[in-house]
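Colleague: Model the structure of this input:
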Amino acid sequence: MTVTTSSFKSTFPRELEREIFELAARADPWCIPRLMRVAWRVRTWVRRLQLPTLILLRKKRTRRALDDKKGYPFEDDGLFRRVMSIPPSLLKDSLQNLCLHSVADAVAQRILSALIRVQNLWIVHNPNHPSLAPMISTLPLQRLHCTPDNLFPPPMPLEFRPSFTYLTHLELLQSPLPMTRLAIQNVGNQLLLLASVTYFAFSNDALSYVCSTLLRDWSYLRVVIYKATKTSAQVLHLDLDEDPRFVQMVCSEEIKDWQMGDVWRRFLVTRGGLHRQTHLP
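Modeller: Numbering: from 1, shown residues only. Presented below is the predicted three-dimensional model:
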C-alpha cells in the first residue's frame, strides 16, 4: 500500500478547525502572532482574540491581590517590553478591556494612542505627571473607572467630546490628592454634562456632598453606588438613603473586582430595609 502526503491532509470541518484555533488562542494569547502565520483564514479567526484584556500594574501589593486569578499578565519588565513591541494594528483591533495602574508615562501613552476600540478602561495615573485626559476623551468608552484627576485635570475641566456619548458606566476612584469644596462642586457640575451615563459609582467620600444634586439633576441616572472599604460602612447622608437609586457596597480589591468581569452586574442589591447594601456574591 502506497501512502502519499495527501493522505494526511486535514479533514476537519471548517467550524471545528476554527474552534480549535480559537481555543488555543484564548489559552495563550502570546502565541497568536505565530498562529496568524498558519493560514489567512486562521489569521482572520484569531486576530481579534489577541489581548482582549490587558492589565498593567506598578504597585506590587496590588499585583499580589491578583495572583490567584490565572490567565492575565502581570507587571514585570519582560511584559512591558512585549507590550511595547506589539504592532499598533494588533492592539487596536483586539484590545477592549484595559487596566493601567500607575504605569510609566511612555507605556500609558504608547497603549492609549494605539487604541481605537477599547470599551472598558480602569486607570489610575500619577497626578504629578502630564495628564492623560485628552487621550482618554478620544476613546469610544462605554465603561470608565478613574480618579477625578484623570477625568478633570486641573486647572481647567476637560471639554467632553462626542466619543463620551457612548459612556454609560462611570466610577470615580479615590483621588490621591485632597479635593477642595470648590473642586468637588466643579466635578459635580461636569458630571451632569455626561447625559448618557446611567450607572455611577464613587469611593471618594468627598463626592457624597454632591450626590443629592446628581440624583436630582442627572437625567438618565438609574443607580448610584457608594463603594466603601469597611464592612461596617454606613450611608453618609440620610437623604441619599431615601432614594431607591442609591446603594452601598463593600469593596476592598477594586482591580480584582474589575478583573473578574462585569462588576456592575455582580452585585446583588437588597432594596428593602432602611439601609440598602450591596453584597458580594
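Colleague: Give me the contacts around the host helix or strand of residue 44.
Modeller: Remark: residue 44 resides in helix 40-46, with elements defined by DSSP states H and E. Applying C-beta atoms under 8 Å, 6 or more residues apart in numbering, the contact partners of helix 40-46 are 14, 18, 21, 22, 24, 25, 32, 35, 36, 37. Just so you know, the C-beta spots here come from the backbone N, C-alpha and C atoms, and that holds for glycine as well.
Colleague: what's the lowest-pLDDT member of the residues you listed?
Modeller: The member of those with the lowest pLDDT is residue 32, and it reads 81.
Colleague: That one: what's it in contact with?
Modeller: Residue 32 touches 25, 46, 47, 49, 50, counting by C-beta under 8 Å, 6+ apart.
Colleague: care to break this structure down by domain?
Modeller: Each domain of the chain is listed here as a residue range: 12-50, 53-279, per automatic domain parsing.
Colleague: residue ranges of the strands in the protein, please?
Modeller: 53-57, 97-101, 120-124, 143-146, 169-172, 199-202, 223-228, 246-250, 268-269, 277-279 (DSSP state E).
Colleague: rank the ones you listed by mean pLDDT and give me the bottom one.
Modeller: Looking at the strands of the chain, the bottom one is strand 277-279 with a mean of 38.
Colleague: hang on, the earlier thing: and of the contacts of helix 40-46, the nearest to residue 186?
Modeller: residue 32 (44.1 Å; C-beta to C-beta).
Colleague: And the contacts of residue 32, which two are furthest apart?
Modeller: 25 and 47 (9.1 Å).
Colleague: ok, those two, which is more surrounded?
Modeller: The neighbour count for residue 25 versus residue 47, taken as other C-beta atoms under 10 Å, is higher for residue 25 (22 against 17).
Colleague: What's the separation between that one and residue 45?
Modeller: 8 Å (C-beta to C-beta, to the nearest Å).
Colleague: repeat for residue 52
Modeller: For residue 52 relative to residue 45 (C-beta to C-beta), the value is 14 Å.
Colleague: Go through stretch 246-259 and flag the buried ones.
Modeller: 246, 247, 248, 249, 250, 251, 254, 255, 256, 257, 258, 259 (16 or more other C-beta atoms under 10 Å).
Colleague: surely the second one meets residue 228?
Modeller: Translated: residue 247. No - counting by C-beta atoms under 8 Å, residue 247 stays clear of residue 228, with 11.2 Å between them.
Colleague: CA-only coordinates of stretch 164-172 in CSV, if you can.
Modeller: This file holds the C-alpha atoms of stretch 164-172, laid out as CSV (Å, rounded to 0.1, in the frame of the first residue of the first chain):
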residue,chain,number,x,y,z
PHE,A,164,-18.3,60.2,25.6
THR,A,165,-21.8,59.8,24.3
TYR,A,166,-21.2,56.1,24.5
LEU,A,167,-20.3,56.2,28.2
THR,A,168,-23.0,54.5,30.3
HIS,A,169,-21.0,53.3,33.4
LEU,A,170,-18.6,55.7,35.3
GLU,A,171,-16.7,55.1,38.5
LEU,A,172,-14.6,57.8,40.2
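Colleague: End to end on stretch 47-56, go ahead and measure it.
Modeller: One end of stretch 47-56 to the other measures 21 Å (C-alpha to C-alpha, to the nearest Å).
Colleague: what does stretch 99-107 give?
Modeller: End to end - C-alpha to C-alpha - stretch 99-107 spans 12 Å.
Colleague: Please apply the same query to stretch 171-187.
Modeller: 13 Å.
Colleague: now residue 43: how far from residue 95?
Modeller: Taking C-beta to C-beta, one finds residue 43 at 17 Å from residue 95.
Colleague: Compare the two (neighbour count), which wins?
Modeller: residue 95 (21 against 15).
Colleague: any idea where the helices of the chain begin and end?
Modeller: Assigned helices in the chain, in chain order: 14-27, 32-35, 40-46, 60-64, 77-85, 88-94, 105-114, 133-136, 148-151, 181-191, 211-217, 238-241, 254-259, 263-266 (criterion: DSSP state H).
Colleague: And those, which one averages the lowest pLDDT?
Modeller: Ranked by mean pLDDT, these bottom out at helix 60-64, with a mean of 46.
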